[in-house]
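the sequence and its predicted three-dimensional model are supplied below.
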Amino acid sequence: MTIALSPGSFDPFHNGHLEVVERASLLFDEVIVASLRNPQKAEPLFPIEERELMLAESLAHVKNVRIVAMSGLVVDLARELGATVIVKGLRAVSDFEAELQMAQMNRQLSGIETLFIPTGAQHAYIASRLIREVARYGGDVSSMVPEPVNRRLKGLTK
């Protein structure tokens with residue numbers, strides 16, 4: 001059985017993330033989506049527990065996906081869960097530059113390979129950072145996020 005780990009802060013989870021997980025689910029027996037607190041990013045919009053719920057609701061239609069929360073090194077979680085590959089989405093060359101360095105570090109630490117899945121052009125501009133900013137000011141991001149996420153984002157401006 002091949003298990004892939006797809007880690008991210010997912011704050012919030014958006015349609016670009018959704019596309020990458022759906023595509024990974026066609027390649028692997030199981031995809032574990034791990035929501036993490038990234039200490040290099042600003043205070044999260046949603047607590048980790050709420051992000052887990054949004055992930056579970058948004059990915060309910062993908063039967064071979066499991067949701068977990070994590071802290072610590074991605075490679076440690078991958079080993080603990082039996083994952084043989086880390087899956088990361090790419091939108092642009094700038095993503096590749098940052099993700100390549102992490103992939104090389106992860107391989108050096110653990111031997112675990114990273115598979116990059118580029119998002120389709122329709123999602124290439126979507127970034128959680130931009131969604132947070134637009135949603136905080138009451139902008140409509142419904143076309144960029146799954147409905148469970150959109151409901152919670154709408155609740156932020158009331």
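Yep, that arrived.

please identify the pairing partners of the helix or strand harbouring L115 and their relative orientation?
Here L115, judged by DSSP states H and E, is contained in strand 113-118. Neighbouring strands of strand 113-118 in its sheet, by DSSP bridges, are strand 85-90 (parallel).

report the buried residues of the strand it pairs with.
For strand 85-90, the neighbour count (16 or more other CB atoms under 10 Å) marks 85-90 as buried. In short, each C-beta sits where N, CA and C put it, glycine included.

which stretches of the chain form helices?
Assigned by DSSP state H, the helices in the chain fall at 15-27, 48-58, 74-81, 93-110, 128-136, 147-156.

from the contact counts, what lies against the longest one?
Using 3 or more CB pairs under 8 Å, 6 or more residues apart in numbering; DSSP states H and E as the contact criterion, the elements in contact with helix 93-110 are helix 74-81, strand 85-90, strand 113-118.

Throw the helices of the chain into JSON lines and include distance to V65, thanks.
As requested, the helices of the chain are arranged in JSON lines below (distance: least, CB to CB, whole Å):
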{"stretch": "helix 15-27", "distance to V65": "6"}
{"stretch": "helix 48-58", "distance to V65": "9"}
{"stretch": "helix 74-81", "distance to V65": "13"}
{"stretch": "helix 93-110", "distance to V65": "21"}
{"stretch": "helix 128-136", "distance to V65": "19"}
{"stretch": "helix 147-156", "distance to V65": "14"}
